[in-house]
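> quick check, what structure comes out for this input:
(one chain, ligands or ions: 2)
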Amino acid sequence: MENSIDDEKISINDIKPDKSKRILTGDRPTGRLHIGHLFGSLKSRVELQDKFETYIEVADVQALTDNFNNPDKVKQNVSQIVIDYLSVGIDPTKANIFLQSKIQEIAELTVFYSNLVTIARLQRNPTVKTEIAQKKEIFGESVTYGFLGYPVSQAADITAFDASYVPVGEDQLPLIEQCREIVRKFNSIYGETLREPVAVMSKNIRIKGLDGNVKMGKSLGNALYLSDDLQTITEKVMSALTDPARIKKDDPGNPDICMVYYYHKLFSDENTCKNVCEECKAGKRGCVACKKQLIENINKTLEPIREKRHYYEERPKEVMDILMSGTSHARDVAKQTMEKVKKSMKLDY
Ligand code: TRP
Ligand code: SF4
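Residues are numbered from 1 along each chain as shown. Ligands and ions are numbered 1, 2, ... in the order given. Take a look at the predicted model:
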């Protein structure tokens, strides 16, 4: 098949725009998105929607694999995540935002693919392994069949749309590799049918938390959310980790160990960053003033996002209409894949 690009992963800068190629990506709707998502994936999706036929999955079925006991949480977060997408500039006229649970072909493919992967292989998947270790409070000592198998379902997500590219963060690479293995196995047994997807590494920025933790996350309580209002941002930035050795304004500081400087580099222009760095080192900058300037610049980025969010929060029907129309288009594509798959598997009755 023409698809087979040998590289299993490439950088976002290395792919040529091509509207005839599809990209597929998604998120579990389990919580509000934060600025880690903004820099890590959302900004690149906004770019990619102009270059490829784009599908963005709200993975509610996958979210249930580790939230099966909390369906309300998943349900509430479905519309929230769609609002997050729309407010950062994902444009429903360019990208199909769709809901996993409404595409029954994904569930059906998951069953077919489950014969093509061993339990041992799933248990060795590094992403799954890490997650199981982190989710002891849900799974105890014994993980569910559904959670262990979610990579199979994710392979169904990707292949149902015949996606060429899957933009993901580093932590998802083992899942794409697993998908590629399933595709190769399928094609070798049932004949060339499915496309092997290529992982596209978004610029690979992992945003640190306000407390300096290498990861920003809800459970860590160190995140700035896209939906945070000015007051919340102010409180969070005011308590962010700075150079602890600095007590008086004229103490020379080390911006490289200060989270305020770190965030300046994300939200402030080059000139400001240069000044922050020089003045801090020279003991000519107060931390409070430095934080206030950062708050202002974060707010400049988040204000338009907040405005759009507000618009959609007032219009829940419009949000659901967008999701359902994306879903209906996505379903048409998944149906075509299913026809091919059933034919190859001799299930075309
Ligand atoms: N597993 C992904 C995450 O936790 C979400 C996801 C579901 C996904 N289906 C996908 C990502 C398909 C890429 C492609 O972030
Ligand atoms: Fe951090 Fe700014 Fe204070 Fe320097 S002046 S320690 S960069 S907050």
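> make it CA atoms for all contacts and neighbour counts henceforth
OK.
> can you count the residues close to the residue of the stretch 51-200 of the chain found nearest ligand 2?
Nearest residue of the stretch 51-200 of the chain to ligand 2, counting by CA to the nearest ligand atom: Val88, 27.7 Å away. Neighbourhood size, Val88 [other CA atoms under 10 Å]: 20.
> distance of it from Arg315?
16 Å (CA to CA, to the nearest Å).
> could you export stretch 261-277 as PDB, CA atoms only?
Only the C-alpha atoms of stretch 261-277 are listed here, as PDB (Å, rounded to 0.1, in the frame of the first residue of the first chain):
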ATOM      1  CA  TYR A 261      11.100  33.200  34.500                       C
ATOM      2  CA  TYR A 262      10.200  29.900  33.000                       C
ATOM      3  CA  TYR A 263       6.600  31.100  32.300                       C
ATOM      4  CA  HIS A 264       7.900  34.400  31.100                       C
ATOM      5  CA  LYS A 265       9.600  32.500  28.300                       C
ATOM      6  CA  LEU A 266       6.300  31.000  27.300                       C
ATOM      7  CA  PHE A 267       4.100  34.100  27.600                       C
ATOM      8  CA  SER A 268       6.300  37.200  27.300                       C
ATOM      9  CA  ASP A 269       8.200  38.600  24.300                       C
ATOM     10  CA  GLU A 270      11.900  38.100  23.800                       C
ATOM     11  CA  ASN A 271      12.800  41.600  25.000                       C
ATOM     12  CA  THR A 272      10.900  41.200  28.200                       C
ATOM     13  CA  CYS A 273      12.600  37.800  28.900                       C
ATOM     14  CA  LYS A 274      16.000  39.300  28.300                       C
ATOM     15  CA  ASN A 275      15.200  42.100  30.800                       C
ATOM     16  CA  VAL A 276      13.800  39.700  33.400                       C
ATOM     17  CA  CYS A 277      16.900  37.600  33.200                       C
END
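> so what's the spatially closest residue to Asp243 that is not a sequence neighbour scoring on pLDDT?
Spatial nearest neighbour of Asp243, excluding adjacent residues (CA to CA, 6 or more residues apart in numbering): Cys258 at 5.1 Å. With respect to pLDDT, Cys258 scores 95.
> with adjacent residues omitted, what lies nearest to the residue of the stretch 51-200 of the chain closest to ligand 2?
Val88 sits nearest to Ile305 (CA to CA, 6+ apart), 5.6 Å away.
> in terms of helices and strands, where is that neighbour?
helix 287-313 (DSSP states H and E).
> near ligand 2 at all, that helix?
Yes. Helix 287-313 reaches ligand 2 (CA under 6 Å from any ligand atom) through 287, 290-291.
> how about the helices in the stretch 101-250 of the chain?
104-113, 119-124, 126-134, 136-139, 145-148, 150-160, 173-190, 230-238 (DSSP state H, counting those that start in this stretch).
> contacts for the third one, please.
This points to helix 126-134. For helix 126-134, the surrounding residues in contact (CA atoms under 8 Å, 6 or more residues apart in numbering) are 122-123, 139, 143, 148, 171-172, 174-175.
> quick one: buried ones out of those?
Neighbour-count burial (16 or more other CA atoms under 10 Å) is assigned, among these, to 122, 148, 172, 174-175.
> which of the residues of helix 287-313 next to ligand 2 sits closest to Asp18?
The shortest gap between Asp18 and any of the residues of helix 287-313 next to ligand 2 belongs to Lys291, at 42.6 Å (CA to CA).
> any idea how far Phe68 is from Val74?
From Val74 over to Phe68 (counting by CA to CA), the distance is 9 Å.
> what parts of this protein come near ligand 1?
By CA under 6 Å from any ligand atom, the residues of the chain that approach ligand 1 are 24-28, 59, 154, 157-158, 166.
> from the residues you listed, which ones fall inside strands?
Secondary structure from DSSP state E places 24-27, 166 of those in strands.
> farthest-apart pair in the residues you listed, please.
For these, with distances taken as CA to CA, the pair at the greatest spread is Asp27 and Val166 (12.2 Å).
> of the two, who's got more company?
Higher neighbour count among Asp27 and Val166: Val166, with 24 against 17, using other CA under 10 Å.
> partner residues bridging that one?
Beta bridges link Val166 to Ala199, judged by DSSP bridges.
> now do the contacts for it.
23-25, 158, 176, 197-200.
> any chance of the residues you listed in CSV, plus neighbour count and pLDDT?
Shown next, in CSV, are the contacts of Val166 (neighbours: other CA atoms under 10 Å; pLDDT from 0 to 100):
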residue, neighbour count, pLDDT
Ile23, 27, 96
Leu24, 26, 97
Thr25, 22, 96
Ile158, 28, 98
Ile176, 24, 97
Pro197, 28, 97
Val198, 25, 95
Ala199, 29, 94
Val200, 25, 92
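> perfect, I'm done here.
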